[in-house]
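*Asks:* From the sequence below, what's the structure:
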Amino acid sequence: MAIPWQVLDRFETDDEGVLELRKRGKGDFLITVGSQILMNSKAQRSEIALGKLGCRGLKTHPQPRVLVGGLGMAITLRAVLDELPETATVVVAELNPQIKRWCCGPLAELTDGAASDPRVTVTIGDVAELVKAAEKESFDAIIYDLYRGPGPQTDRRNDPLYGSRAIAQCRAALKTGGLFAIWGENPDAGFENRLSAGGFTVRCERPGKGGYRHAVWVAEKNAQRRT
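*Replies:* Residues are numbered from 1 along each chain as shown. Below is the predicted model of the structure:
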């Protein structure tokens, strides 16, 4: 007999409906909105790959600074921390304070308390606004693990996360050679072209070997922007 799901907590969001945190057995969690599953603790290979790829080469950096957009179950954050030295600084932008409480509470067992790591500061707010307000060349890596990734419906210029203006703001906030890593449902050629035109060398990874595979873009800031 299948173990039933237990609702640990729920809250109403302003625009998405009711978010629920559910658990069954040990280490088996869901975050849902309405009837839709947003996150599943048993299916996180692309999130782990996102964190590792986005922080590639930073383990030997003396004091890396990383910005993560979206906390979720903190799976990506755990992968980020595993690639960084103890001297690192990680800023996480999360819109919902309840998500932070879940990650510091019942979800902490999944990630060895990643959200409470002393290297981490969780800021309640929009990651796009943090990027826009950042000083130039503030970060060694910017990682977007957001509910909605880029897609064909994205406004090419004005989308606050994936449009050409937002890409330019991310580039300005990154150090030369810094990485901008982004999670998405599926590959999107338009987004990839905008990254390339915006001064990044970019590749799209499809983590895993079977079943449905999400997209992870890894874009490295070039020394000079292409004109």
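
*Asks:* So which bits of the strand ranked longest in the chain are buried?
*Replies:* Secondary structure assigned by DSSP state E gives strand 174-184 as the longest strand of the chain. Burial within strand 174-184, assessed by neighbour count using 16 or more other Cβ atoms under 10 Å, is assigned to L174, G178, L179, F180, A181, I182, W183, G184. (Each C-beta comes from the backbone N, C-alpha and C, glycine too.)

*Asks:* what's the spacing between the third one and S138?
*Replies:* Pointing back at L179 there. Taking Cβ to Cβ, to the nearest Å as the measure, L179 falls 14 Å from S138.

*Asks:* surely I182 meets Y144?
*Replies:* Yes: here I182 reaches Y144: they are 4.5 Å apart, a contact under Cβ atoms under 8 Å.

*Asks:* Helix or strand with the lowest mean pLDDT in this protein?
*Replies:* Least confident element among the helices and strands of the chain, by mean pLDDT, DSSP states H and E: strand 36-40 (a mean of 89).

*Asks:* how distant is that one from the center of its chain?
*Replies:* Here strand 36-40 is found 15 Å from its chain centre; the criterion is Cα atoms, centre = their mean, to the nearest Å.

*Asks:* So that it lines up with my notes, have the first residue be 794 from now on.
*Replies:* Yep, numbering from 794; the last one is strand 829-833 now.

*Asks:* what stretches of the protein score poorly on pLDDT?
*Replies:* For the chain, the stretches with pLDDT under 70 are 794, 1003-1004, 1017-1020.

*Asks:* Outline the domain layout of it.
*Replies:* By the record's domain assignment, the chain is partitioned as 794-836, 837-1014 (automatic domain parsing).

*Asks:* Just say which of those is most tucked in.
*Replies:* Mean neighbour count (mean count of other Cβ atoms under 10 Å) peaks for domain 837-1014 among those, with a mean of 19.

*Asks:* can you map out the strands along this protein?
*Replies:* For the chain, the strands defined by DSSP E cover 799-805, 811-816, 822-826, 829-833, 858-862, 882-887, 913-917, 932-937, 967-977, 993-998, 1008-1014.

*Asks:* can I get those strands in JSON lines with distance to C897?
*Replies:* Rendered in JSON lines, the data for the strands of the chain read as follows (distance: least, Cβ to Cβ, whole Å):
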{"stretch": "strand 799-805", "distance to C897": "13"}
{"stretch": "strand 811-816", "distance to C897": "13"}
{"stretch": "strand 822-826", "distance to C897": "14"}
{"stretch": "strand 829-833", "distance to C897": "16"}
{"stretch": "strand 858-862", "distance to C897": "15"}
{"stretch": "strand 882-887", "distance to C897": "11"}
{"stretch": "strand 913-917", "distance to C897": "9"}
{"stretch": "strand 932-937", "distance to C897": "20"}
{"stretch": "strand 967-977", "distance to C897": "22"}
{"stretch": "strand 993-998", "distance to C897": "30"}
{"stretch": "strand 1008-1014", "distance to C897": "26"}
